[in-house]
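Enquirer: only geometry, no sequence info:
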């Protein structure tokens, strides 16, 4: 029995981030290591010879990819599929694999197929099944029952009513991702130019932001790993030579006491002196004291989903919690004061948002002591409330590839372009970014990245 776990190659040789709710074209030159695929390998490596392939970051051309698949000759292939790459993944790549290996069974994992299992199977005859539940909980039964999947729960099949498996209450049971097929030299942080890895911190999000599909994939309930398990995984990665990490969670501050327990463990184990890490968070539950503690424990960058520059739009998008413009601004100021590099993420072109609202977002972003900012076009990803609100416009596969954070109405794209130019083409911002680089090597990397980025911005 052989199983191939793969991030499909792109016909255009693009590299896509395909992890959890993140399904976007990689614009920073920092593709994510394939965390989900590595977790899946852990679940089945005792019952199947398993290979993880990530052709984009490995710079494998299409001929090399198909030759590798032919040589490995798997019985089962599971692809990580996103909405904007569905046509590429399922109706080009998977179709060619079936031409090479006619008897192979092909499954897909990801938010898109989890949210739209029937539609996905209808629009891709190459797919035999899709995961409709947390794949780690299901994949072993898939491998064991590959000859007849009709009685396997947690997957979607044609012509059969699907039964979802509940989200696991104990995600420690999934163990550590198996990175044995992965070369971390292919996954480098921008500017720092050092190998990095993802470590799953927790899963689930109790908030209901209309634009986010995370609840579809990870559920509403916050499911935390044990601190001991995360510490052990950090040590496992250190043995692999990886010292930089993105702690992968929707919101690291959801449980303040849990976060503080983790920070204390990093310090007591001496890991604050051995690793550098970054994280994502909402603005809730955080203050200057906690930011300082995070900094002391090895955190150097934090990214906030700030979304909009008006409370009106935060309310329309159902951001919830303590999210207000005032609270967002205070969190950024306090994180910056603690010495953290702060990255803000913003949305433009949301339903009911006016051009004046977008200008307020640009003004807000530029007023904050952010080091970096990202401006995305509002994107109705399947699994989100926003998709359900306008899904009548996106029911066919030829439209799914247009659900992308870099495609939208001309007026909105112009606002996004204006936002990038106003934010980054500022002497104060350039100086703030320059200070991120340590040493000559990082400064050279920063200059190269900066020149490329500015040229791209000026083209917009």
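Expert: Here it is on my side, so go on. Values in this document were obtained by computation on a predicted structure and should not be read as measured data. Numbers count the residues shown, from 1 in each chain.
Enquirer: Give me the three-state assignment for residue 162.
Expert: Recorded secondary structure, residue 162: coil (DSSP: H, G, I helix; E, B strand; the rest coil).
Enquirer: list the contacts for it?
Expert: By Cβ atoms under 8 Å, 6 or more residues apart in numbering, the residues touching residue 162 are 117, 132, 155, 156. Heads up, the C-betas are built off the backbone N, CA and C, glycines and all.
Enquirer: Looking at the residues you listed, which are in strands?
Expert: Of those, the ones assigned to strands by DSSP state E are 155, 156.
Enquirer: Show me the two of the contacts of residue 162 that sit farthest apart.
Expert: Spatial extent of these (Cβ to Cβ) is set by the pair 117 and 155 at 8.4 Å.
Enquirer: beta partners of residue 198?
Expert: residue 246 (DSSP bridges).
Enquirer: Buried residues, stretch 238-258. List them.
Expert: The neighbour-count check on stretch 238-258 (16 or more other Cβ atoms under 10 Å) flags 242-254, 258 as buried.
Enquirer: One more: stretch 308-318?
Expert: Residues of stretch 308-318 classed as buried: 308, 309, 310, 313, 314, 316, 317 (neighbour count, 16+ other Cβ under 10 Å).
Enquirer: Identify the contacts common to residue 117 and residue 155.
Expert: The contact sets of residue 117 and residue 155 overlap at 130, 132, 162 (Cβ under 8 Å, 6+ apart).
Enquirer: The second one - how many residues pack around it?
Expert: When neighbours are counted by other Cβ atoms under 10 Å, residue 132 registers 23.
Enquirer: who's in contact with it?
Expert: Neighbours of residue 132 in contact, by Cβ under 8 Å, 6+ apart: 113, 114, 117, 154, 155, 156, 162, 164.
Enquirer: Now for the spatially most central residue of the chain: which residues touch it?
Expert: The C-alpha lying nearest the average C-alpha coordinate of the chain belongs to residue 22 (Cα atoms, centre = their mean; 3.2 Å). Taking Cβ under 8 Å, 6+ apart as the criterion, residue 22 is in contact with residue 32.
Enquirer: and it, bridged to which residues?
Expert: Listed by DSSP bridges, the beta-bridge partners for residue 22 are residue 19.
Enquirer: what's the answer for residue 130, then?
Expert: Beta-bridge partners for residue 130, by DSSP bridges, are residue 108, residue 156.
Enquirer: measure stretch 319-332 end to end?
Expert: For stretch 319-332, the first-to-last residue distance is 17 Å (Cα to Cα, to the nearest Å).
Enquirer: Would you mark the buried spots in it?
Expert: By 16+ other Cβ under 10 Å, the buried positions in stretch 319-332 come out as 319, 321, 323, 325, 327, 328, 329, 330, 331, 332.
Enquirer: Assign the closest residue to residue 368 other than its chain neighbours to helix, strand or coil.
Expert: Distance criterion Cβ to Cβ, 6 or more residues apart in numbering; nearest residue to residue 368, sequence neighbours excluded, is residue 332 at 4.7 Å. Here residue 332 takes the helix state, with states given by three-state DSSP.
Enquirer: circling back to that earlier point, ok, of the buried residues of stretch 238-258, which one's closest to residue 291?
Expert: Each of those was checked against residue 291 using Cβ to Cβ; the closest is residue 253, at 10.2 Å.
Enquirer: three-state assignment of the closest one?
Expert: Here residue 253 is recorded as coil under three-state DSSP.
Enquirer: For it, list the residues it contacts.
Expert: 259, 281, 282, 284, 285, 286, 290.
Enquirer: Okay, buried residues for stretch 7-20 please.
Expert: Across stretch 7-20, burial judged by 16+ other Cβ under 10 Å covers 7, 8, 9, 10, 15, 16, 17, 18, 19, 20.
Enquirer: what is the rounded mean pLDDT of it?
Expert: Mean pLDDT, computed over stretch 7-20, is 89.
Enquirer: Could you give the separation of that stretch from the chain centroid?
Expert: Between the centre of stretch 7-20 and the centre of its chain there are 12 Å (Cα atoms, centre = their mean, to the nearest Å).
Enquirer: count of residues packed around residue 99?
Expert: If you count neighbours by other Cβ under 10 Å, residue 99 ends up with 10.
Enquirer: Please give the element, helix or strand, for it.
Expert: Secondary structure from DSSP states H and E places residue 99 in helix 94-100.
Enquirer: doesn't residue 309 fall inside a strand?
Expert: No. In this structure, residue 309 is coil, not part of a strand, as judged by three-state DSSP.
Enquirer: Please report how far it lies from residue 280.
Expert: Going from residue 309 to residue 280 by Cβ to Cβ, to the nearest Å gives 20 Å.
Enquirer: Also residue 374?
Expert: From residue 374 over to residue 280 the distance is 12 Å, taken as Cβ to Cβ.
Enquirer: Check residue 75 too.
Expert: Residue 75 is 37 Å from residue 280, by Cβ to Cβ.
Enquirer: Give me the more crowded residue out of those two.
Expert: For residue 75 versus residue 280, the count of surrounding residues by other Cβ under 10 Å is larger for residue 280: 21 against 17.
Enquirer: Helix, strand or coil: sort out that one for me.
Expert: strand.
Enquirer: Identify the residues contacting it.
Expert: Shown in contact with residue 280 (Cβ under 8 Å, 6+ apart): 249, 250, 251, 252, 302, 303, 304, 305.
Enquirer: swap the cut-off to 6 Å and go again
Expert: Shown in contact with residue 280 (Cβ atoms under 6 Å, 6 or more residues apart in numbering): residue 303.
Enquirer: And it, how close does it get to residue 307?
Expert: As defined by Cβ to Cβ, residue 280 lies at a distance of 13 Å from residue 307.
Enquirer: Residue 34 now?
Expert: For residue 34, the distance to residue 307 (Cβ to Cβ) stands at 28 Å.
Enquirer: For stretch 379-395, buried residues please.
Expert: By 16+ other Cβ under 10 Å, the buried positions in stretch 379-395 come out as 379, 380, 381, 382, 383, 384, 385, 386, 387, 394.
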